[in-house]
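> No letters, just coordinates:
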């Protein structure tokens, strides 16, 4: 089968590799249909690593996938041949202390698609996954919905970890696919106001289409001043979704005393810093987000019911053969890209 492999920094080649086979009773063999390009894929493409996780070339990334079942192991009951499914990329052991505590997203032996040292990604024609990672798509949902259920689950989980957003005034700093997922999740939970920032004006236009109360570009605006002119008491919850130190500083300034700072973004640097006086005097609560746990089905259900609509998220499509072109576009934030999809 064909697999698109990272072969160096900003280098990628299509290679022939062995087709995976079912070896366990709970295995499901999947023909890939679509894949969404994630920011973490771009980190591996442009940096060759995220923190201590370093790519050993050649390596296929990719984890936001949907496909069609072509074969199942003898014990599989959740899906059957011909089903279109969303693919949960996390494969926990289900036995360690974290899994037993309901935290299988921080499993001690976690294997995650497209994560160096754990599992090859799904930029391949076929993959084999455990049954527990396969979620049938309702008739009303497309493969795009299945793919986007992965980042959407992160947005839903971030909102859940914030303690609830109903009637709350929300800031979202960074309006890429994760920031948009957070906004769609907060809308579904009836937040009262949405203040969105990003350095790409096309993304801010999308935020306004989604019902943002106010938007700002930190390259052009003093966004703290601009937002506090509308909310002079400050915001209840701010989601940092771009992995930038300046955004974290802005979040602290925007929050009211007792506010909550939810850090979702993945930075390219090793350490965050916080203003001690502002965080202490305001008694800011700080919550870091690590992917998600048990939110894929919720994402699919909310999309099926029309409570979350992804119409404005997918902006670009590329054939499998043009994957490098797609990665270059996303890496450069070109052409107002929000979510680029690979069609197999």
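Perfect, thanks for sending it. As the structure is a computational prediction, the values presented were derived from the model and not from experiment.

> mind giving me the domain ranges of the protein?
Recorded structural domains for the chain (assignment: automatic domain parsing) are 2-136+313-343, 153-288.

> And the last one, end to end?
This points to domain 153-288. End-to-end distance for domain 153-288: 15 Å, by CA to CA, to the nearest Å.

> Now mean neighbour count and mean pLDDT too, for the domains of the chain, in CSV please.
No exception for glycine: its C-beta is placed from N, CA and C like everyone else's. Output for the domains of the chain, formatted as CSV (neighbours: other CB atoms under 10 Å; pLDDT from 0 to 100):
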stretch, mean neighbour count, mean pLDDT
domain 2-136+313-343, 18, 97
domain 153-288, 19, 97
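
> between those domains, which gets nearest to residue 307?
Nearest of the domains of the chain to residue 307, taken as CB to CB: domain 153-288 at 4.7 Å.

> still on that earlier bit, nearest to residue 147 among the domains of the chain would be which one?
Proximity to residue 147 (CB to CB) singles out domain 2-136+313-343 among the domains of the chain, at 4.5 Å.

> The residue nearest the centre of the chain: what's it in contact with?
Nearest residue to the geometric centre of the chain (CA atoms, centre = their mean): residue 151, 3.0 Å. Counting by CB atoms under 8 Å, 6 or more residues apart in numbering, residue 151 makes contact with 36, 38, 64, 177-178, 181.

> returning to what we had before: with distance to residue 303 as added columns, please give the domains of the chain in CSV.
Putting the domains of the chain into CSV (distance: least, CB to CB, whole Å) gives the following:
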stretch, distance to residue 303
domain 2-136+313-343, 10
domain 153-288, 9
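
> Identify the residue nearest residue 175 in space, chain neighbours excluded?
Nearest non-adjacent residue to residue 175, counting by CB to CB, 6 or more residues apart in numbering: residue 198, 4.0 Å away.

> Equivalent analysis for residue 38, please.
The shortest distance from residue 38 to any non-neighbouring residue, by CB to CB, 6+ apart, is to residue 64 (5.4 Å).

> The one you found against residue 37, yeah?
Yes: in this structure residue 64 lies within contact range of residue 37 using CB atoms under 8 Å: 7.5 Å.

> ok, back up a step: contacting residues for the residue nearest to residue 175?
Contact partners of residue 198, counting by CB under 8 Å, 6+ apart, are 174-176, 179, 204, 207, 215, 217, 242.

> can you give me phi and psi for it?
The phi/psi pair for residue 198 (degrees, to the nearest 10) reads phi -170, psi 160.

> what about the helices in the stretch 151-300 of the chain?
Here the stretch 151-300 of the chain has its helices, by DSSP state H, counting those that start in this stretch, at 177-188, 201-209, 223-230, 245-254, 276-282, 296-304.

> okay if I get those helices as CSV plus distance to residue 45?
As requested, those are exported to CSV (distance: least, CB to CB, whole Å):
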stretch, distance to residue 45
helix 177-188, 16
helix 201-209, 20
helix 223-230, 29
helix 245-254, 22
helix 276-282, 34
helix 296-304, 25
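
> among those, which is nearest residue 82?
helix 296-304 (18.2 Å).

> List of residues touching that closest one?
Applying CB under 8 Å, 6+ apart, the contact partners of helix 296-304 are 86, 88, 135, 137-138, 140-141, 145-146, 148-150, 152-153, 156, 188, 308-310.

> can you rerun that using 7 Å?
Outside of helix 296-304, the residues within contact range by CB atoms under 7 Å, 6 or more residues apart in numbering are 86, 88, 135, 138, 140-141, 145, 149, 152-153, 156, 188, 308, 310.

> got the contact list for stretch 13-28?
Applying CB under 7 Å, 6+ apart, the contact partners of stretch 13-28 are 1-5, 7, 29, 58, 69, 71-76, 79, 126-131, 134, 321.

> Sitting in strands, which of those residues do you find?
2-5, 7, 29, 69, 71-72, 126-130, 134 (DSSP state E).

> those strands in the stretch 1-150 of the chain, which residues are they?
Ranges of strands within the stretch 1-150 of the chain are 2-8, 11-16, 27-36, 49-50, 53-54, 64-72, 84-87, 90-91, 111-112, 126-130, 134-136, based on DSSP state E, counting those that start in this stretch.

> Between the contacts of helix 296-304, which sits nearest residue 249?
Taking the contacts of helix 296-304 together and measuring to residue 249 by CB to CB, the closest member is residue 156, at 26.7 Å.

> contacting residues for the closest one?
By CB under 7 Å, 6+ apart, the contact list for residue 156 reads 185, 295, 298-299.
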